[in-house]
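Asker: Here is my input; please provide its structure:
(chains A and B)
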Amino acid sequence: MNIELTTQQKHDREAFRAFVQEEIMPRADQYDREERTPPEIIEKVARQGYLGAIVPGEYGGGGMNMITFGLLNEEIGRGCSSIRSLLTVHSMVEHAIVRWGSTRQKTAWLPRLATGEIIAAFGLSEPHVGSDASSIETSARPEDDAYIISGQKRWTTYGQIADLFLIFAQCDGKVSAFLVERDTPGLSVEPISGMIGTRASMLAALHLHDCRVRKENLLGGRGFGLAAVATSALDIGRYTVAWGAVGIAQACLEASLQYSSERKQFGGYLKDHQLIRQMITRMIVNVKAARLLCYQAGDLKDSGDPRTIMETWIAKYFASTTAAQAASDAVQIHGAYGCSEAYPVQRYWRDAKVMEIIEGSTQIQEITIAGYGYQ
Amino acid sequence: MQEITTKIKAFLARHIQNIDLQDEDDIFALGFVNSLFAMQLVLFVESEFGVAIENEDLDIDNFRSIKAVAGLIERKTAARI
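Answerer: Here you go, the predicted model:
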C-alpha cells in the first residue's frame, strides 16, 4: 500500500492551487457579500476546463480521474465554496448523462456542458421534501410524444443562471429524471437570497407549470430515476462536497496559522499559547484524516468498487463535521476580527454549516453509516 | 451460471442478513432494496463480472432476484462475445 499522488496529480494540484490563489481567493468575500458569482469568473473556470473535468474526452471533456477531480474540489473549496458548489451541481448532471444518458443525449449535451457554454443544475429538493427524496411531489405524465411536468423545486444551486435542469418527478408512482431546458414554456425561475452560507451560489426556486418536455429528455428509464440517476449523481455530489469540506478546513488551518503567528496578546504571539495550539493540532489532524478518507473514496471510485458508495458517505460525514469544527475554532482564534468582514473565517464558518446539511445531512448520515456497520 | 449465482448470492448475503435468500426471491418486494443498495448492486455487477450496465438495462425486472441478475449478466456477457 502506497498512499502517494502521481507526479501528474501533484502537478495538477499545484495548477489548481495557483488558479484559486490568483483568481478566486482575492474576490471570494466580495462574491459572498454580493450573493452573486460574476460571469467573468465562471468563464475563467470554464476556460481552465474545470466545468468539463469528468466528461470523457470524446465529448470534449477532461476525462479526469476521481482523485484529481477530488483535488480540484478541495482547492476550489479552499477558495470559495460557492464556486465549488457550481462544480458540484454541474458535474452531477454531467455524470448522470455520462452514466445513464442515451448516445443522443450525450451528443446533444455533453460537449456544451464540458466547455461551460451551458450551465446545469440539479432539481431534486422541493418546498416540502428534503432528505425524504422518494416523496417528491413534482409529477410527470406521458402525453403523446412528451411528458408534462408540474410542481416546484427549491434550493436549486445556480438555478438563477442554469440553462439545463435535471428535474426529478413522480411518473406512474415512481421517481423518474428529466432534462428540462430553461426556455421550456411553463418554467419560471425565482431567485433565493439571504442564505447563511455559500451565498454566491445563486439559488433559485423553480416553478414548473405543465412544462412539456420531449420523450427523449427522460434520463435513465422510467422508475429507475431515484435508484440509479439520483443516487449516482448524489454520490458524485457527495464526493465533491466531502473534498470541498476538506478545502474549507484547510483554509481555516492556513488562516489560523497565519493569524496566530502575527497577533500578540499578553506579550507573546497567539501561537505560543497552549490552548491555541490545541485548536491548531485538532485542525491539522482532522484535515489530514478527512483528506485520507476522501482519497480512499476516490480510489474506490476509480476502480469501480461498490464500496465507494458508503465510503463516500463516511468521507463526507467526517469532512463536513471537521470543517464545521475547524471553522468554529478559526473564528475563535481570530476573536472579534474573526466575527467581522476583515477576515474570511466568518465566511468559512457560515459555509461549513451548509456542508453539514447538503448531500445528506449529518443526521441522515449517522443513521445510514451505522446501518453499513451492521451489514 | 452456477458460479455467477454463487457470487451474487454472496454479495447479497453481506447486505441482507438472517435470510436464506432463494434464487427467485424478489428482493424488491421483500423490501431489501433502497436506492443506495440498488446503486451498490449495479456497481458490483459491473466490477465483478466486467459488464457495463447501461440505460436500457435499468429495468427493475433485471435486478429483482438472484436469478434475474444472473440472467442479465449472461445476456450481457454473451452479447460481448
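Asker: for chain A, what spans make up the strands?
Answerer: A:120-123, A:139-143, A:146-156, A:164-171, A:174-181, A:187-191, A:204-214, A:218-219, A:264-265, A:268-269 (DSSP state E).
Asker: tell me the most buried of those?
Answerer: Most buried of the strands of chain A by mean neighbour count (mean count of other CB atoms under 10 Å in any protein chain shown) is strand A:120-123; its value is a mean of 28. In this view, the C-beta of every residue, glycine as well, is placed from N, C-alpha and C.
Asker: which residues touch that strand?
Answerer: A:89-90, A:92-94, A:113, A:153, A:156-159, A:162-168, A:180, A:204, A:206, A:233, A:237 (CB atoms under 8 Å, 6 or more residues apart in numbering or on different chains).
Asker: Mind doing that once more with 7 Å?
Answerer: Residues external to strand A:120-123 that are found in contact with it (CB atoms under 7 Å, 6 or more residues apart in numbering or on different chains): A:89-90, A:92-94, A:113, A:153, A:156-159, A:162, A:164-168, A:206, A:233.
Asker: hang on, the earlier thing: closest one to B:Gln22 among the strands of chain A?
Answerer: Judged by CB to CB, the one of the strands of chain A that comes nearest to B:Gln22 is strand A:174-181, at 25.9 Å.
Asker: near chain B at all, that closest one?
Answerer: No - counting by CB under 7 Å from any CB of the partner chain, chain B has no neighbours in strand A:174-181; the shortest distance is 8.8 Å.
Asker: what helices or strands is that strand leaning on?
Answerer: strand A:146-156, strand A:164-171, strand A:204-214, strand A:218-219 (3 or more CB pairs under 7 Å, 6 or more residues apart in numbering or on different chains; DSSP states H and E).
Asker: Need the contact partners of the shortest one.
Answerer: The reference is to strand A:218-219. Contacts of strand A:218-219 (CB under 7 Å, 6+ apart): A:96-97, A:100-101, A:105, A:147, A:166, A:176-179, A:229.
Asker: quick check: mean pLDDT across that strand?
Answerer: Averaging pLDDT along strand A:218-219 gives 92.
Asker: List the pairing partners of it within its sheet, with orientation.
Answerer: strand A:174-181 (antiparallel) (DSSP bridges).
Asker: what do you get for the first one?
Answerer: Using DSSP bridges, strand A:146-156 pairs in its sheet with strand A:139-143 (antiparallel), strand A:204-214 (antiparallel).
Asker: residues contacting the most centrally placed residue in chain B?
Answerer: With distances taken as CA atoms, centre = their mean, chain B has B:Val69 as the residue nearest its mean C-alpha position (3.7 Å). For B:Val69, the contact set (CB under 7 Å, 6+ apart) comprises B:8, B:45, B:63.
Asker: separation between the last one and A:Gln160?
Answerer: I take that to be B:Phe63. Distance, B:Phe63 to A:Gln160, by CB to CB, to the nearest Å: 38 Å.
Asker: what about the helices and strands packed on strand A:174-181, which gets the closest to A:Gly244?
Answerer: Judging those by CB to CB, what sits closest to A:Gly244 is strand A:146-156, at 16.7 Å.
Asker: what does the average pLDDT come to for the closest one?
Answerer: Here the average pLDDT along strand A:146-156 is 98.
Asker: Give the residue farthest from the middle of chain A.
Answerer: Chain A, farthest from centre, CA atoms, centre = their mean: A:Gly267 at 43.0 Å.
Asker: List the contacts of the closest residue to A:Asn286 other than its chain neighbours.
Answerer: Of all residues not flanking A:Asn286 in the chain, A:Thr322 sits nearest, at 4.3 Å (CB to CB, 6 or more residues apart in numbering or on different chains). With contact taken as CB under 7 Å, 6+ apart, A:Thr322 is in contact with A:245, A:249, A:286-287, A:290.
Asker: can you name the two of these that are farthest apart?
Answerer: Across those, the two lying at the largest distance from each other (CB to CB) are A:Ala245 and A:Asn286, at 10.6 Å.
Asker: more neighbours, the two?
Answerer: Between A:Ala245 and A:Asn286, counted using other CB atoms under 10 Å in any protein chain shown, A:Ala245 has the larger neighbour count: 35 against 21.
Asker: Residue 76: neighbour count?
Answerer: This is for chain A. A:Ile76 has 28 nearby residues by other CB under 10 Å.
Asker: nope, chain B
Answerer: Using other CB under 10 Å, B:Lys76 is surrounded by 19 other residues.
Asker: Poorly predicted segments of the chain, please.
Answerer: Because you didn't say which chain, this covers chain A. By pLDDT under 70, the low-scoring segments of chain A are A:222-225.
Asker: please go with chain B instead
Answerer: B:80-81.
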